[in-house]
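Asker: Provide a 3D model corresponding to the input given below.
(one chain, ligands or ions: 1)
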Amino acid sequence: MAQRLLSPSARLAFLLAVSLSCAFLCYSVLFCRGAVVTSRASVGKKCRQNQNAAGKKLLGSVDVCASLEIRAAADERADAGSPPWVRNVSVAQKYGNKKLPNALIVGVKKGGTRAVLEFIRIHPDVRALGTEPHFFDRNYERGLDWYRGLMPRTLDGQITLEKTPSYFVTREAPRRIAGMSQETKLIVVVRNPVTRAISDYTQTLSKKPDIPTFEDLAFKNRSLGLVDASWTASASGLYILHLENWLQYFRPSQMHFVSGERLITDPGEMGRVQDFLGLKRIISEKHFYFNRTKGFPCLKKPESSSQPRCLGKSKGRTHVQIQQEAIEQLRDFYRPFNVRFYQTVGQDFKWD
Ligand SMILES: Nc1ncnc2c1ncn2[C@@H]1O[C@H](COP(=O)(O)OS(=O)(=O)O)[C@@H](OP(=O)(O)O)[C@H]1O
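Answerer: Presented below is the predicted three-dimensional model:
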């Protein structure tokens, strides 16, 4: 009919117009999709760079990075036909409320805090902020509404969690946290203070290669074995002194101590963390495998992902070699503080 009505040249023009429209449509679909993928990937890259550069402490990026991370996780899960509890998480991302944290991993730096956070957040009733907000030490002036705004959304029955390891040694942190809620649950991952100090130093050295040697920083007088307790890396390991500050504001039953050493050899340590948080024990040995190359437990490949999950390269660095004599001197220095710490928390961490 159209053939009969149109002249040959009009038919040609009609066909040309149809082909051009199709080509334009295909191009738009492909180009727009590409742009979304590219921009999300580049923001993700920026977040990772910022986190590496500033030790996860670049606060301007917290909102973007945290939400990006949550969104990426949600997308990944949605793509994979997730189990029901994971679908609840996605629902929470859209419909839940942002709440102030019920629980905090407050320390200690280099204790194994990232591992505890990454392990506990696979629990369906836990929603955790992936970055360190440093609210109770560096950003307190921004106010609780700002802090709440950083949190992931939760549904009823889910708990909100964040970790900032420097809280444990921050004088004002316990008072400020108690001011938010006296019912806040506090998790402290502790590790042999000597190994912790070496780990801390190794991390600093990786960023500032020109700093003095560990021995120069750790001792006021090496031959007398006089430790410089004013050096942050030494002072952070005096756990009992920091704990006494926390116990002025919180009951001992509100604090749970995770052994950083046991966490590596026995991820069953996570069972006690779940009990403390009042969660059903869902995370168990079954969720982990021991990665011999890394020397650490890693999360098994989740059904929704193509990769098993080990922590990044900044966890499990090879430590700088420290003279054995210096190590012994440091052990002697910490021993009486460790003993008082064991007595106060009612647990022997066996660091001697
Ligand atoms: N599963 C697993 N994978 C990797 N690393 C693990 C794990 N469990 C505990 N650890 C130990 O965690 C140490 C880093 O502690 P943190 O995460 O608290 O460090 S930080 O304060 O957040 O920088 C890190 O310290 P270093 O070995 O000194 O790098 C690890 O020994």
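Asker: Need the contact partners of stretch 168-178.
Answerer: Residues from elsewhere that reach stretch 168-178 (C-beta atoms under 8 Å, 6 or more residues apart in numbering): 104, 106-109, 136-137, 140, 167, 184, 186, 188, 232, 235-236, 242, 245-246, 248-250. The C-beta positions use only the backbone N, C-alpha and C, and glycine is treated the same way.
Asker: redo that, cut-off 7 Å
Answerer: 104, 106-108, 136-137, 140, 167, 184, 188, 236, 242, 245-246, 248-250 (C-beta atoms under 7 Å, 6 or more residues apart in numbering).
Asker: next one: stretch 238-248
Answerer: 168-169, 171, 174, 190, 193, 229, 255, 337, 340-341, 344.
Asker: could I get that stretch in CSV with only the CA atoms?
Answerer: Provided in CSV are the C-alpha atoms of stretch 238-248 (Å, rounded to 0.1, in the frame of the first residue of the first chain):
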residue,chain,number,x,y,z
LEU,A,238,49.3,0.6,77.7
TYR,A,239,45.8,-0.9,77.5
ILE,A,240,45.0,-0.8,81.2
LEU,A,241,45.5,3.0,81.4
HIS,A,242,43.1,3.6,78.5
LEU,A,243,40.6,1.1,79.8
GLU,A,244,40.5,2.9,83.2
ASN,A,245,39.2,5.9,81.4
TRP,A,246,36.5,3.9,79.6
LEU,A,247,35.4,2.3,82.9
GLN,A,248,34.5,5.7,84.3
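Asker: Give me the buried positions along it.
Answerer: Burial within stretch 238-248, assessed by neighbour count using 16 or more other C-beta atoms under 10 Å, is assigned to 238-240, 242-243, 245-246.
Asker: re the thing from before, list only those of the contacts of stretch 168-178 flagged as buried.
Answerer: Among the contacts of stretch 168-178, those buried by neighbour count (16+ other C-beta under 10 Å) are 104, 106-108, 136-137, 140, 167, 184, 188, 236, 242, 245-246, 249-250.
Asker: Inside strands: which ones of these?
Answerer: 104, 106-107, 188 (DSSP state E).
Asker: among the contacts of stretch 238-248, which two are most distant?
Answerer: 229 and 255 (23.5 Å; C-beta to C-beta).
Asker: the more surrounded of the two?
Answerer: residue 255 (17 against 14; other C-beta atoms under 10 Å).
Asker: Tell me who's in contact with that one.
Answerer: Counting by C-beta under 7 Å, 6+ apart, residue 255 touches 186, 188, 246.
Asker: Output those residues in TSV; the columns should cover distance to residue 115 and pLDDT.
Answerer: As requested, these are exported to TSV (distance: C-beta to C-beta, whole Å; pLDDT from 0 to 100):
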residue	distance to residue 115	pLDDT
186	17	99
188	14	99
246	22	98
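Asker: nearest to the ligand, of these?
Answerer: Nearest to the ligand among these, counting by C-beta to the nearest ligand atom, is residue 188 at 10.7 Å.
Asker: Bridged to that closest one, which residues?
Answerer: Beta-bridge partners for residue 188, by DSSP bridges, are residue 107, residue 257.
Asker: Correct me if wrong: it contacts residue 106.
Answerer: Yes - between residue 188 and residue 106 there is a contact under C-beta atoms under 7 Å: 5.9 Å.
Asker: And for residue 235, the neighbour number?
Answerer: 16.
Asker: if I read this right, it contacts residue 218, doesn't it?
Answerer: No - between residue 235 and residue 218 there is no contact, the gap being 11.0 Å when judged by C-beta under 7 Å.
Asker: top of the contacts of stretch 238-248 by neighbour count?
Answerer: Going by other C-beta under 10 Å, residue 193 tops those with 28 neighbours.
Asker: residues touching that residue, list them.
Answerer: Taking C-beta under 7 Å, 6+ apart, one finds 237, 239, 334 in contact with residue 193.
Asker: Recalculate using a threshold of 10 Å.
Answerer: 108, 111, 200, 233-239, 330-331, 333-335, 337-338, 341, 349, 351 (C-beta atoms under 10 Å, 6 or more residues apart in numbering).
Asker: Those: which ones sit near the ligand?
Answerer: Contacts with the ligand within these, counted by C-beta under 6 Å from any ligand atom: residue 111.
Asker: picking up where we left off before, could you export the contacts of residue 255 as CSV, including distance to the ligand?
Answerer: Below are the contacts of residue 255 laid out as CSV (distance: C-beta to the nearest ligand atom, whole Å):
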residue, distance to the ligand
186, 15
188, 11
246, 18
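Asker: which one of the residues you listed is nearest residue 259?
Answerer: Closest approach between those and residue 259, by C-beta to C-beta: residue 188, at 10.4 Å.
Asker: doesn't residue 252 make contact with the closest one?
Answerer: No - contact criterion C-beta atoms under 10 Å: residue 188 and residue 252 do not qualify, at 11.6 Å.
Asker: where do the contact lists of these two overlap?
Answerer: By C-beta under 10 Å, 6+ apart, the residues touching both residue 188 and residue 252 are 243, 246, 345.
Asker: Next up, the contacts around residue 185.
Answerer: Counting by C-beta under 10 Å, 6+ apart, residue 185 has contacts 101-105, 159, 161, 250, 253-256, 276-278.
Asker: before we move on, back to that, intersection of neighbour lists for residue 188 and residue 106?
Answerer: In contact with both residue 188 and residue 106: 113, 165, 167-168, 242, 246, 255, using C-beta under 10 Å, 6+ apart.
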